[in-house]
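Chemist: Here's a sequence, model it:
(2 chains)
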There are 2 protein chains.
Amino acid sequence: MNILFIMYDQLRFDYLSCAGHPHLETPNFDRVAAMGVRFTNAYVQSPICGASRMCFYTGRYASSHGAQWNGFPLRVGEQTLGDHLRRLGMGCWLIGKTHMKADAEGMARLGLAPDSEIGARQAECGFDAWVRDDGLWAEGPDGFYDEKRSPYNEYLKSKGYDGENPWADYANAGVSDHQIASGWMFRNADKPANIREEDSETPWLTSEAIAFMAQAKEPWCAHLSYIKPHWPYIVPPPYHAMFGPNHVPAPTRHPVEREDAHPVFGAYMENRIAQAFQRDEVRDKVIPAYMGLIKQCDDQLGRLLDHLEKTGRLKDTMIVLTSDHGDYLGDHWLGEKDLFHEPSVKVPMIVYDPRTRADATRGTTCDALVESIDLAATFVEAAGGTVPDHIIEGRSLLPWLRGERPAWRDFVISEYDYSATGQAVKLGVAPRDARLFMVYDGRFKLMHAEGGFRPMLFDLDTDPEEFHDLAKAGTHEAEIARLYEMLSRWGRRMSQRVTMSDADIDAKRGASLRRGILPFLYDGAEVPGELTEKYRGPVRQRHVAGEEEA
Amino acid sequence: MNILFIMYDQLRFDYLSCAGHPHLETPNFDRVAAMGVRFTNAYVQSPICGASRMCFYTGRYASSHGAQWNGFPLRVGEQTLGDHLRRLGMGCWLIGKTHMKADAEGMARLGLAPDSEIGARQAECGFDAWVRDDGLWAEGPDGFYDEKRSPYNEYLKSKGYDGENPWADYANAGVSDHQIASGWMFRNADKPANIREEDSETPWLTSEAIAFMAQAKEPWCAHLSYIKPHWPYIVPPPYHAMFGPNHVPAPTRHPVEREDAHPVFGAYMENRIAQAFQRDEVRDKVIPAYMGLIKQCDDQLGRLLDHLEKTGRLKDTMIVLTSDHGDYLGDHWLGEKDLFHEPSVKVPMIVYDPRTRADATRGTTCDALVESIDLAATFVEAAGGTVPDHIIEGRSLLPWLRGERPAWRDFVISEYDYSATGQAVKLGVAPRDARLFMVYDGRFKLMHAEGGFRPMLFDLDTDPEEFHDLAKAGTHEAEIARLYEMLSRWGRRMSQRVTMSDADIDAKRGASLRRGILPFLYDGAEVPGELTEKYRGPVRQRHVAGEEEA
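Modeler: Just a heads-up that it's a prediction; the model follows:
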């Protein structure tokens, strides 16, 4: 069996028709959901691209692997899906985005050359790169955001798009008055992107995936990782015109959220992206473009599924659809992601397992508390391995797919490190205190902020829209204490004992005794004679000065 | 300045005359204490050789570096004193014991050859090994406990001691009835070791240190790491006869400790070593030998100090004396170490800084709550560096030596992983739950045990001997909650963000904006024009199918 692990970027959990979106039809997402299981309570371990992805790829919490924000390098030697799957004989390939920054300093310290096989995998988050493209070829006064080579820009140039950065000038721009209408500017989001649809990023990467599969040695795990529907919010025809302001839902926000807001939440509500999304004209332009981008993703997923079906691969390929985080789109007075409201931290998670043992659950949903780190465990088990649970902190989802009711976690954790952001500067929070934690038990959701702030608490049963911060009122001390106890338990988790499995530990029990370590005997009668016989025998020589014996 | 970092193994904090021992005179320890500062509240981060040492060498808590018990490999790439000090131009050398197990699997995964310079340092805990000798050349039916080459055994053979393992047959054995009287058997602890005193382990390693210093390129940090007074408890003449049962203090133990004992404490009180040390004849034999071993350490320290003085090195060498943990010696009905009573978890810590800035504190004591991980930070600062506090979790002690009153921690943490022990088997505790945590705030000491056990609590102000577990009585809920809150705070600490310093993070703030990431603009008016100019300009081509523009 192969594994096609498809990730979208910034795809909200509720912008799919199978998840109940009122205006957006996504028949191909729905098709996979009908073949598999849709997990309706799947949470990412950090609502930001880079950190979240490092959690997916390592199967470990953000504060376990330490790459806690975009551009924070993943430390050398941290094990990833590639390490685990290759050990089981399965290739592990990348087609698209990881947002991983290599630990160049650590690699140099260990003498790992980036152009060696080992070094290249360290630098690519454990993957063998069929194509690596993080999809953010932005450029400013200080240069490119992403200094790597851009395969997508090279593709565009080969197709005749001119200039240094056709990603910016064509794929992510429209036209207005014979001027580039930058996709960065929200007022341009309703314009058609300046590119042939087939050359835009989502079809291009889909073609790469098809080309990969045509030649791949089996079994393989392919991480097909799209940049879309992530910003810049602009999409080529016909998708730019499919949706309009009449398809834009009212924002999920309430004036009470702004009253005595938690300081961190308050700082986020005041940042530039939040202020933009608080404007109706921004939502009316951006959300239709966002929906168009998703519609294009769905069409390309259909293309991929048809290809798999035609080539017979649908019968032996596990398919996973998910996202690295959501998008506030103006909900809770916010834009982007970063905090822990559902539109940001909850993601779509659809898993299709072609094997007959999963027949019982096809087309169903599962409301277990799922974490993004569970996928790494799922893939290891799907590849025939035993989950190395001293390294991977997630749990395999396969029992759910088989219709079992496994013993399961009673809370999920997410984290956010905002140390490098303007909000930390504004609040005067030191880098090590600019860290947020979410604990959610399926009903109550606690946000803890380091640095002496009060927590936030929501009751999603009575307040599913998360408007009413119960920690303000001081009425829920017992619930807050209970969730803090969960956070405390999690904080003490065993996360770094990565060189010793339980089996290794079992093998050590009593081993030192059988290797002659006996610091507990009065005369040896306490243990079987074979354990002490090395220390008995005739004296050969006595070296005490002045008194030699035979 | 050079650093002579001397560690003894299993040396109790209170078995020195400067710490008030009633019978043991240690004039050379006292001499260093008179030249420097003796820290009277120094705690190890794990009361077991291997884990404790990995904390000293990394400057990180046991659950941060993950090498949580003897023989648990230190994961490849974990940074150590060697990494930090060499970066500052200081060599970092090992003379003696580390009890470090290399992460052979991780090294193979990263392609690091053990015989390369980088690989050798990875395998030696970051040190360049002048001589590595862990001092436990025990052998049993399954072979040697330590499978490395034994430099000390080679030395003994070169001196004419015969056989395969003269460490066992001579250095750690006496003679009785022309039979080897093994040093493992406590009944033999009063016998003279079967070796010339000058050839025993402590003088041998001292000679190695002197030889090292004679040729070392400056500046250097030398970790002189003795195996003694660690078991086997046997010592050559004249030390074997210096102390007798009349010098053995009454055990610090009380019947109340055995009443409704905490299950983990109870399991330890029932293990073989505890049962041995509960016998008076064991204490009467072992403790005089233990004192003799310390007396020999003190004499060898005097030899070293005299050498330093004679060679002028006393003026430019920082000297640190400490231990990796203590020894119960029958206190609290226990033998060995492992748990968190003072005789086990508290260590001697004497720091002499030759520089004039430390003149104000010479011969004083300091009762600040010190952790063993503070030494790594101290050495980095002493070598002229800034402590990389995103990696090293300890804090430099130099301010105390200068007579300052720095802002300081309000609790110390220690941990113990007993997953590989018989106690875990006996209690039926899974490997990941066989973990203990100590929180001590200078008055109250809490022990938390994973796996659903109740905590233990001692009030060292009213019960300095730690006999009365206040958690049994249920009378101190508020203190227990307060210490749990400290543990929880510690559990959320930032321990793995090791690839980004605060300075790196400061440099990132706003950097993406200046590299063209602008996902928050309606029309660009929100920011200075230079930030958006890359995205303006005449359109060159419009690639929307069917409608080409100039």
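
Chemist: Report the buried residues of whatever helix or strand A:Asn153 lives in.
Modeler: Per DSSP states H and E: A:Asn153 is located in helix A:151-158. Using 16 or more other C-beta atoms under 10 Å in any protein chain shown as the test for burial, helix A:151-158 gives A:Pro151, A:Tyr152, A:Asn153, A:Tyr155, A:Leu156. Every C-beta, even on glycine, is put in place using the N, C-alpha and C of the backbone.

Chemist: Could you single out the nearest of those residues to B:Thr421?
Modeler: A:Pro151 (53.2 Å; C-beta to C-beta).

Chemist: any idea of the mean pLDDT in the helix holding A:Asn153?
Modeler: The average pLDDT within helix A:151-158 is 97.

Chemist: Next SSE downstream of it?
Modeler: helix A:166.

Chemist: Check whether that next one comes near chain B.
Modeler: No: using C-beta under 8 Å from any C-beta of the partner chain, helix A:166 stays clear of chain B, with a minimum separation of 9.3 Å.

Chemist: Now the residue in the stretch 451-550 of chain A positioned nearest to chain B: phi and psi?
Modeler: Closest to chain B within the stretch 451-550 of chain A is A:Gly491: 2.5 Å, counting by C-beta to the nearest C-beta. Phi and psi for A:Gly491, reported as degrees, to the nearest 10, are phi -60, psi -30.

Chemist: what's the answer for the one 10 residues further on, then?
Modeler: Main-chain dihedrals, A:Ser501, degrees, to the nearest 10: phi -80, psi 170.

Chemist: Quick one: end-to-end length of stretch A:374-393, please.
Modeler: 8 Å (C-alpha to C-alpha, to the nearest Å).

Chemist: Counting neighbours, which bits of that stretch end up buried?
Modeler: A:374-383, A:385, A:387-393.

Chemist: ok, which of those also contact chain B?
Modeler: Within the buried residues of stretch A:374-393, those near chain B by C-beta under 8 Å from any C-beta are A:His390.

Chemist: Sitting in helices, which of the buried residues of stretch A:374-393 do you find?
Modeler: In helices, defined here by DSSP state H, the members of these are A:Asp374, A:Leu375, A:Ala376, A:Ala377, A:Thr378, A:Phe379, A:Val380, A:Glu381, A:Ala382.

Chemist: which one of these sits closest to chain B?
Modeler: A:Ala377 (15.1 Å).

Chemist: my guess is that closest one contacts A:Trp400, does it?
Modeler: No: counting by C-beta atoms under 8 Å, A:Ala377 sits too far from A:Trp400 to count as a contact (12.0 Å).

Chemist: And A:Arg258, how close does it get to B:Ser488?
Modeler: 31 Å (C-beta to C-beta, to the nearest Å).

Chemist: These two: which is more packed in?
Modeler: B:Ser488 (19 against 13; other C-beta atoms under 10 Å in any protein chain shown).

Chemist: Quick check: closest non-adjacent residue to that one.
Modeler: A:Ser488 (3.8 Å; C-beta to C-beta, 6 or more residues apart in numbering or on different chains).

Chemist: Centre of the chain to the strand or helix carrying the one you found, how far?
Modeler: Element membership of A:Ser488, judged by DSSP H and E, is helix A:477-491. Remark: helix A:477-491 is offset 24 Å from the chain centroid, using C-alpha atoms, centre = their mean, to the nearest Å.

Chemist: Next SSE downstream of that helix?
Modeler: Next element after helix A:477-491 (DSSP H and E): helix A:502-508.

Chemist: how about that following helix against chain B, any contact?
Modeler: Yes: for helix A:502-508, a contact with chain B is found by C-beta under 8 Å from any C-beta, at A:Asp502, A:Ile505, A:Asp506, A:Lys508.

Chemist: And the pLDDT for the third one?
Modeler: Just to be clear, that refers to A:Asp506. Per the predicted model, pLDDT is 91 at A:Asp506.

Chemist: Also the first one?
Modeler: If you check A:Asp502, the pLDDT there is 94.

Chemist: pretty sure it contacts A:His390?
Modeler: Yes: judged on C-beta under 8 Å, A:Asp502 makes contact with A:His390 at a distance of 6.7 Å.

Chemist: Report the set of residues contacting both of the two.
Modeler: Residues touching both A:Asp502 and A:His390 (C-beta atoms under 8 Å, 6 or more residues apart in numbering or on different chains) are B:Arg432.

Chemist: Give the buried residues for the helix holding A:Ser488.
Modeler: A:Glu479, A:Ile480, A:Leu483, A:Tyr484, A:Met486, A:Leu487, A:Ser488, A:Trp490, A:Gly491.

Chemist: Kindly reformat these as JSON lines containing distance to B:Phe340 and pLDDT.
Modeler: Shown next, in JSON lines, are the buried residues of helix A:477-491 (distance: C-beta to C-beta, whole Å; pLDDT from 0 to 100):
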{"residue": "A:Glu479", "distance to B:Phe340": "33", "pLDDT": "98"}
{"residue": "A:Ile480", "distance to B:Phe340": "30", "pLDDT": "98"}
{"residue": "A:Leu483", "distance to B:Phe340": "29", "pLDDT": "98"}
{"residue": "A:Tyr484", "distance to B:Phe340": "24", "pLDDT": "98"}
{"residue": "A:Met486", "distance to B:Phe340": "25", "pLDDT": "98"}
{"residue": "A:Leu487", "distance to B:Phe340": "24", "pLDDT": "98"}
{"residue": "A:Ser488", "distance to B:Phe340": "19", "pLDDT": "98"}
{"residue": "A:Trp490", "distance to B:Phe340": "23", "pLDDT": "98"}
{"residue": "A:Gly491", "distance to B:Phe340": "19", "pLDDT": "98"}
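
Chemist: Tell me, how many residues neighbour A:Ala214?
Modeler: 9.

Chemist: Could you report the distance from it to A:Glu25?
Modeler: Counting by C-beta to C-beta, the gap from A:Ala214 to A:Glu25 is 30 Å.

Chemist: Next, show the common contact partners of A:Ala377 and A:Trp400.
Modeler: Residues touching both A:Ala377 and A:Trp400 by C-beta under 8 Å, 6+ apart: none at all.

Chemist: residue contacts, A:Pro238?
Modeler: A:Glu197.

Chemist: how close does it sit to A:His230?
Modeler: 21 Å.

Chemist: repeat for A:Ala113
Modeler: A:Ala113 sits 32 Å away from A:His230, going by C-beta to C-beta.

Chemist: which parts of the longest helix anywhere in chain A are buried?
Modeler: The residue-count maximum for a helix in chain A (DSSP H) belongs to helix A:280-310. Using 16+ other C-beta under 10 Å as the burial criterion, the residues of helix A:280-310 that qualify are A:282-305, A:307-308.

Chemist: how deep is the closest residue to A:Lys445 other than its chain neighbours tucked in, by neighbour count?
Modeler: The shortest distance from A:Lys445 to any non-neighbouring residue, by C-beta to C-beta, 6+ apart, is to A:Phe458 (4.7 Å). By other C-beta under 10 Å, the residues close to A:Phe458 number 25.
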